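> requesting a structural model of the entry that follows:
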Amino acid sequence: MKPEELKKLDAYFKRTLNPGIVVKARPRKNDSAEVYLGEEFLGVIYRDDEDGDLSYNFSMAILDVDL
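Numbering: from 1, shown residues only. Below is the predicted model:
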């Protein structure tokens with residue numbers, strides 16, 4: 001993802017969910033980014049630019065040991 005996209009997504013997650021969230025670029029991947037709360041990995045945001053409609057999908061796995 002482009003740096004401008006990362007900044008917009010970071011601001012959105014901070015504003016919507018938690019100010020401590022950080023969106024980071026993924027190494028060797030340009031279609032997705034990683035989401036962290038502090039040092040804790042939360043999930044991945046995927047860029048979807050299909051049929052000319054741009055959207056982002058956030059995927060978060062919740063382990064049973066975390067519940």
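> residues making contact with the biggest strand by length in the chain?
Ranked by residue count and defined by DSSP state E, the top strand of the chain is strand 40-50. With contact meaning Cβ atoms under 8 Å, 6 or more residues apart in numbering, strand 40-50 is reached by 1, 5, 9, 21, 23, 26, 31-36, 54-61. Every residue, glycine included, has its C-beta placed from N, CA and C.
> next step: those restricted to helices.
5, 9 (DSSP state H).
> which among the contacts of strand 40-50 count as buried?
Among the contacts of strand 40-50, the ones that count as buried by 16 or more other Cβ atoms under 10 Å are 1, 5, 9, 21, 23, 32-35, 56.
> pLDDT-wise, what's the bottom of those residues?
On pLDDT alone, Met1 ranks lowest of the buried ones among the contacts of strand 40-50, at 89.
> how close does that residue get to Leu67?
31 Å (Cβ to Cβ, to the nearest Å).
> tell me what the closest residue to Lys14 other than its chain neighbours is bridged to.
Leaving aside its chain neighbours, Lys14 sits nearest to Ile21 (5.6 Å; criterion: Cβ to Cβ, 6 or more residues apart in numbering). Counting by DSSP bridges, Ile21 is bridged to Leu37.
> so what's the most centrally placed residue in the chain bridging to?
In the chain, the centroid-proximal residue (Cα atoms, centre = their mean) is Ile45; its distance is 3.6 Å. The bridge-partner assignment for Ile45, based on DSSP bridges, gives Ala33, Phe58.
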